[in-house]
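> This is the structure alone, sequence omitted:
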């Protein structure tokens, strides 16, 4: 399968600016691309589509790329079909997914990514690359018709994964416990991407990159710890058996 994905936990980490910590990885993924199609539907802090797009356009222009918002086109579907690359920004995962369903974009995005165009996601944009958005941290402020997502990878992602605070007396709401509850009803692995981490997926290879690690959860198994530089190819092979 052709695949070129960069799935980023979040757009900032440890006091850095917008996409600063992942600029080199973005450059690597987009090395043969001139224009990026931006999907602003997640609307962080309910920014307008225009505001979010301009903010992101300014950042990508500094990296040497042109960027247009999908909402600025006459037909969102045609915009995807003619896109050189796609970037889905962060914000609210459910609002993003609802908008993709409303604009009938899930299948056309799948088609283009399977043909090999680069897909970059940050936070919510990474979440929708998985099988479902059932491991989002977001409140359900909007209601998509299904939590089924793009399925660009055969697992789920939990962006902004946070380890339990061992100094806190409040342990009920840990991410690990919530993911364990998810596995009470679902089979697919979950990749907990800490802030500063990202997955770079090229065809059938998965590389963990960034400055922090990731925790991988499988149903009925002890979670495993992984550090930047590791190959996580097993996520594709094991889930495709």
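Happy to help now that I have it. Computed from a prediction, not measured in an experiment: that's the story for all the values here. Numbers count the residues shown, from 1 in each chain.

> biggest helix in the chain, by residue count?
Criterion DSSP state H: the longest helix present in the chain is helix 49-62.

> Tell me who's in contact with the residue nearest the centre of the chain.
The chain has residue 126 as the residue nearest its centroid, 0.6 Å off, counting by CA atoms, centre = their mean. Listed by CB atoms under 8 Å, 6 or more residues apart in numbering, the contact partners of residue 126 are 7, 8, 9, 88, 157, 159, 193, 198, 199. For the C-beta atoms, the positions are set from N, CA and C on the backbone; glycine is no exception.

> Do a quick rundown of the helices in this protein.
Counting by DSSP H, the helices of the chain are 23-29, 49-62, 76-81, 93-102, 106-114, 124-127, 175-182, 234-239.

> in this structure, what spans have low per-residue confidence?
Residue ranges of the chain with pLDDT under 70: 169-172, 238-241.

> Is residue 68 in contact with residue 34, as I believe?
No. Contact criterion CB atoms under 8 Å: residue 68 and residue 34 do not qualify, at 11.4 Å.

> Among those two, which residue is more densely surrounded?
Neighbours were counted for residue 68 and for residue 34 using other CB atoms under 10 Å; residue 68 has more, 15 against 10.

> List the single closest residue to that one in space, sequence neighbours excluded.
Ranked by CB to CB, 6 or more residues apart in numbering and with sequence neighbours excluded, the top spatial neighbour of residue 68 is residue 37, at 6.3 Å.

> re the thing from before, any chance of the contacts of residue 126 in a markdown table, plus neighbour count and distance to residue 113?
What follows is those, written out as a markdown table (neighbours: other CB atoms under 10 Å; distance: CB to CB, whole Å):
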| residue | neighbour count | distance to residue 113 |
| --- | --- | --- |
| 7 | 28 | 12 |
| 8 | 29 | 16 |
| 9 | 30 | 20 |
| 88 | 28 | 11 |
| 157 | 27 | 15 |
| 159 | 28 | 19 |
| 193 | 27 | 19 |
| 198 | 29 | 17 |
| 199 | 25 | 14 |
